[in-house]
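Q: any chance you can model this:
(chains A, B and C)
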Amino acid sequence: MKLKLILPLLLFVVLVGFLGKGLFLNPREVPSPLIGKPAPTFEAPVLGDSSKTFYTEEMKGKVWLLNMWASWCVACREEHPLLVEMRKHDIPLYGLAYKDVETNALAVLESMGDPYITTANDADGTIGIDYGVYGVPETYVIDKKGIIRYKQIGPITPEALRDTILPLLKELAV
Amino acid sequence: MIRNLSLVLLLAFATSSFTNEIVTDSRIDARLRQLSTELRCLVCQNSTLADSDAPLAQDLRREIRKLMEAGKTDEEIVAYLVERYGDFVTFRPPVNASTALLWFGPFIMLIIGAITLVIVLKKRAAILTSKENAS
Amino acid sequence: MNPVIGHYALILALFVAALQAALPLAGLSKNNEKLFAFAAPMARIQSALIIFSFLILTYAFYANDFSVYYVAVTSNSHLPLIFRLAAVWGGHEGSMLFWVTILAVWTLAVTFFAKELPLRFRSSLLAVMGLLTVGFLMFILFTSNPFDRIFPAPFDGRDLNPLLQDPGMVFHPPLLYMGYVGFSVAFAFAIAALLDGRLDVTWARWTRPWTTAAWVFLTLGIALGSRWAYYELGWGGWWFWDAVENASFMPWLIGTALIHSLAVTEKRDAFKAWTVLLSICAFSLSLLGTFLVRSGVLTSVHAFATDPSRGLFILLFLVVVIGGALTLFALRAQSVGLGEKFDLVSRESFLLSNNLVLFTATASVLLGTLYPLLIDAMGMGKISVGPPYFDTVFVAIMVPGIFLMGIGPIASWKKASVPDLASKLKWALGISIISALLVPSVMGRLSPMIFVGLLMAFWVISSVLVAIKTRLKAIPGNDVVKKFKTFGPAFNGMLLAHFGLAIFIIGVTMVKGYEQEYDITMHSGETTVINGYDFTFKGTLPVTGPNYKSKQGQFYVTKDGKEIDLLTPEKRYYPVQGAVMTEASISINPVRDIYISLGEELEEGGWSIRIYFKPFVQWIWLGCLLMGLGGLLTMVDKRYRLKKKVTNNESAAT
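A: Below you'll find the model as predicted:
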């Protein structure tokens, strides 16, 4: 049998392979190009107390999580109880109120509990842009050297916490 | 090209009777619009940054405008966005090893195809001619 | 009327279609002639059942039967009747039923109009179409049943997406599907030829009108979709290289190649295997498009509700149909003789070069569409491939093709002389270059893109004129009118279609080269002057539609004191879905469109407004219409008229 007659079939098989694989991917998810790169530094007023400032520089030498959220974000509310739980287990959680009205954000923390060690206020969203935020909630795991090691797109799920974040935190704590 | 048109527009406005103002430098307006059509809105992922009204799109257009006013080139601005959002954000795929097939494949295919076609046609004509001569 | 009978009709149709496929195929393998006779009756019964089922679903929409889940999510009692009916194909399940209904229509057409084919061949055709019908019916019945019920029935429906509430929705999908699905006939012709072991000029002659018919529908369907997007979406864009647009464009490109390839095969009994392969490819691309749109594998504004399990089913279907066809091709498409001789420079070669260009262009579109998936599947990250890629690569590939298109119709069959062609065309080239420089100088700006685009368009037009002149000269005598009458629909159709493409290219080039956009803010009573036109904004009027409320802007457009138009763009609010929609208002003119859309309402009654000037934009769709008409014309050539049974040694007309 001539090669040129089989060629179309072979190409088709390769195509089907890719299409099949494609069924299990999510074309809408945007992975972060910042993984493995230094977390963008910023200084921002603390939510609720603009006389105080939060500096990312101060976080050098510590392992920490930065959780971007907003009061207008429904998925963030769904995630919130898990964050409160995480805080109870001493997970170093810091918040970034993304494009939020300060009073609304504070109201959420008041009524649902404040899981954050500190929350920075990113009222106009420029810090979020530096981090490549496109849909809150998003959470970054940052190591002692200030390198981003992991990004959770969307709410942290119990599975993601158990299978990825906790092991990673353990590894980085050393 | 749109740059030139915008200058014409500016002149037209300057010499005509109208009562609204154009607030910013229209050259940057035009450049912003052109560049935004090549960028993806990450929220409404099927819209360009130019067409989308999503809050993030508005924020990004604002940031791009700032960068343009600060003198950055289009390439630098795209690089700024790609640094934060990855290659996904630009509709113009980068030219690198992994996209070489994409950018150059069709041209190579055309050239190889043309050569193949010529060879096949010549061979065919030769065979048929010799058959003619034989009979 | 209980909609469940629609469901039962489909189940029955499935069994009958299975017979339509199995019996003739059994007849082929066992060489039992009697089994062939079953094909047409089974085909007609099954098609009638499917059409009946479609009518049942349509009736459910007409009667606002919200106990049918699909009606409840796609329609609403306040939706105007015409859109309630068009909503039948507004969602995934209904559009799949529509797909298989159109397949039934083409199946019926084959049983009625293909009578001159030998019984054995016609039955093989119908068997293949029966297999396709079986596959689609199984997909519908197992994963996408439009007749699923919901109890208790909701009080009212979720409404059709406001973007779809437009006359475009009435015509675009039917035309598109007639084209898309119509390539199944060419596909069936190819498979039947492979099964039969018969591949000759008569096969090519039979296939051609069916292929052209599907191509005409697809041309008009794509053009209508593009024009609809232009006035509907509010920013005057008409093509986005979106995955679903590409999914309809690729079959069109290969269909065009196929029509030209069939000409070579019919004329010279040559390149038969290649033509068969193209026939398989055209329909395969249609099926691939169906997969891409419904599987969730690519992001697209057009994509239906996505579901990976449905995607898997379609993928399996693709594997069986396309894999089966290509396997049959590999096994059966040996060289059946080279056919007749033609030179390296000849019309035949030019036709084949058309194939090369179109095939490569299709490959570039396919590559661009699938590349993000390829990269992601290999874990190499996520990229986007959009207009900057396609506009560069696709156009670059097509330009040499269009250049050759100017020469092909002038070249003689079998043997053409280069000096002869050059002397015939040198004036054409000169005039094209001059015109391509003249127009920009009138418009006030020149760029490489504009020059190349206009050059190609004028080149094609000039070559059409040269083709006419050459043909006239070749006929002895002086009666020009009599000579024109001898041209015949095939030749005229070809000229018209090529001319149509030139018009299309002019439209695209002029719009892309010279369009202007103005973002301004206006308050009621203000006048803005742009390009010599005065735009006076007189505020907005409240308008109530059948299922929406809107604010309609009033823009009086005058030029040099003369009234040009009253443009009334709207901001519409559709309460059922809570959606806000922009309706643009356009002043149409042969040489320019003025396009206004409302942005946001600002404080103190001001509005942000976008005004576009789009030179020659309507030529884009006029060109497509002419291409479609050209194709239609070629079908009425007397070669293809219904004949009585043909003998095997009848050769193609010159």
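Q: in chain C, what residue comes closest to chain B?
A: C:G386 (2.8 Å; C-beta to the nearest C-beta). In this view, the C-beta of every residue, glycine as well, is placed from N, C-alpha and C.
Q: so how many other residues sit close to that residue?
A: Here the count is done by other C-beta atoms under 10 Å in any protein chain shown, and C:G386 has 21 residues near it.
Q: how about C:A104?
A: 26.
Q: go on, C:T582?
A: 17.
Q: count of residues packed around C:F283?
A: 28.
Q: so A:V141, which state does it fall into?
A: Using DSSP: H, G, I helix; E, B strand; the rest coil as the criterion, the local structure at A:V141 reads strand.
Q: show me what it is bridged to.
A: A:L65, A:Y150 (DSSP bridges).
Q: look up how far A:P115 lies from it.
A: 15 Å (C-beta to C-beta, to the nearest Å).
Q: how about the residue of chain C closest to chain B, nearest residue that isn't a chain neighbour?
A: Nearest residue to C:G386, sequence neighbours excluded (C-beta to C-beta, 6 or more residues apart in numbering or on different chains): B:F91, at 2.8 Å.
Q: and the one you found, its phi and psi?
A: Dihedral pair for B:F91: phi -80, psi -10, per degrees, to the nearest 10.
Q: what's the burial count for it?
A: Neighbours of B:F91 (other C-beta under 10 Å): 21.
Q: same check, this time on the one 5 residues further on
A: Applying other C-beta under 10 Å, we find 10 residues neighbouring B:N96.
Q: state the pLDDT value of it.
A: Here the pLDDT value assigned to B:N96 is 92.
Q: how much space separates it from B:L102?
A: On the measure of C-beta to C-beta, B:N96 and B:L102 end up 10 Å apart.
Q: likewise C:P542?
A: 51 Å.
Q: who has more neighbours, these two?
A: Shown here are C:P542 and B:L102; by other C-beta under 10 Å, B:L102 has more neighbours (23 against 8).
Q: am I right that the more buried one is in a helix?
A: Yes. Judged by three-state DSSP, B:L102 forms part of a helix.
Q: give the contact list for the closest residue to it other than its chain neighbours.
A: Closest residue to B:L102 apart from its sequence neighbours, by C-beta to C-beta, 6+ apart: C:Y371 at 5.0 Å. If you count contacts by C-beta atoms under 8 Å, 6 or more residues apart in numbering or on different chains, C:Y371 has them with B:P93, B:T99, B:L102, C:I383, C:V385.
Q: ranges for the helices of chain A?
A: A:3-22, A:74-88, A:102-112, A:126-130, A:158-160, A:166-173 (DSSP state H).
Q: quick one: average confidence on the shortest one?
A: Meaning helix A:158-160. Average pLDDT, helix A:158-160: 92.
Q: buried ones in that helix?
A: Applying a neighbour-count criterion of 16 or more other C-beta atoms under 10 Å in any protein chain shown, one finds A:A160 buried in helix A:158-160.
Q: which residues sit against that helix?
A: A:L82, A:Q152.
Q: what mean pLDDT does stretch A:122-141 have?
A: The model assigns stretch A:122-141 a mean pLDDT of 92.
Q: let me fix that: stretch C:322-337
A: For stretch C:322-337, the mean per-residue pLDDT is 86.
Q: anything in it near chain A?
A: Yes. Applying C-beta under 8 Å from any C-beta of the partner chain, one finds stretch C:322-337 in contact with chain A at C:I322, C:G323, C:L326, C:T327, C:F329, C:A330, C:L331, C:A333, C:Q334.
Q: for the residue nearest to A:S71 when sequence neighbours are not counted, give its distance to A:K37.
A: Setting aside the residues directly before and after it, A:S71 is nearest to A:N104 in space (C-beta to C-beta, 6+ apart), at 4.0 Å. A:N104 sits 32 Å away from A:K37, going by C-beta to C-beta.
Q: what's the answer for A:P8, then?
A: Following C-beta to C-beta, the distance that separates A:P8 from A:K37 is 44 Å.
Q: find the centremost residue of the chain, please.
A: Picking chain A for this. For chain A, A:T139 is the residue whose C-alpha lies nearest the centre (C-alpha atoms, centre = their mean; 2.1 Å).
Q: chain C, not that one
A: C:L218 (2.8 Å).
Q: at the contact with chain B, which residues of chain A appear?
A: A:28, A:30-34, A:99, A:124-126, A:129-135.
Q: on that earlier part again, okay if I get the contacts of C:Y371 as CSV plus distance to C:L501, pLDDT and secondary structure?
A: Shown next, in CSV, are the contacts of C:Y371 (distance: C-beta to C-beta, whole Å; pLDDT from 0 to 100; DSSP: H, G, I helix; E, B strand; the rest coil):
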residue, distance to C:L501, pLDDT, secondary structure
B:P93, 29, 95, coil
B:T99, 31, 95, helix
B:L102, 27, 96, helix
C:I383, 32, 92, coil
C:V385, 25, 95, coil
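Q: of the residues you listed, which is the nearest to C:L367?
A: The shortest approach to C:L367 among those belongs to B:L102, at 5.9 Å (C-beta to C-beta).
Q: the closest one contacts C:V385, doesn't it?
A: Yes. Counting by C-beta atoms under 8 Å, B:L102 does reach C:V385; the two are 7.0 Å apart.
Q: okay, buried residues for the helix or strand hosting C:V464 please.
A: In the assignment (DSSP states H and E), C:V464 maps to helix C:448-474. Neighbour counts over helix C:448-474 (16+ other C-beta under 10 Å) mark C:450-464, C:466-468, C:471 as buried.
Q: contacts only, for A:D122.
A: Contacts of A:D122 (C-beta under 8 Å, 6+ apart): A:A44, A:M68, A:L96, A:A97, A:Y98, A:K99, A:G128.
Q: could you check how far the fifth one is from chain B?
A: Pointing back at A:Y98 there. 10 Å (C-beta to the nearest C-beta, to the nearest Å).
Q: quick one, what contacts that residue?
A: A:M68, A:W69, A:A70, A:D122, A:G125, A:I127, A:G128, A:V133, A:V136.
Q: pLDDT weak spots in the chain?
A: Chain wasn't specified; assuming chain A. A:1 (pLDDT under 70).
Q: nope, chain C
A: C:301-306, C:335-337, C:639-654.
Q: domain map for it?
A: With automatic domain parsing as the criterion, the domains of chain C are listed as C:1-165, C:166-388, C:417-515+C:622-627, C:517-616.
Q: and the shortest one, how far apart are its ends?
A: Between the opening and closing residues of domain C:517-616 we find a distance of 15 Å, counting by C-alpha to C-alpha, to the nearest Å.
Q: now the third one
A: Counting by C-alpha to C-alpha, the length from the leading to the trailing residue of domain C:417-515+C:622-627 is 29 Å.
Q: does chain B have contacts with that domain?
A: Yes. Using C-beta under 8 Å from any C-beta, we find that domain C:417-515+C:622-627 touches chain B at C:R445, C:S447, C:G513.
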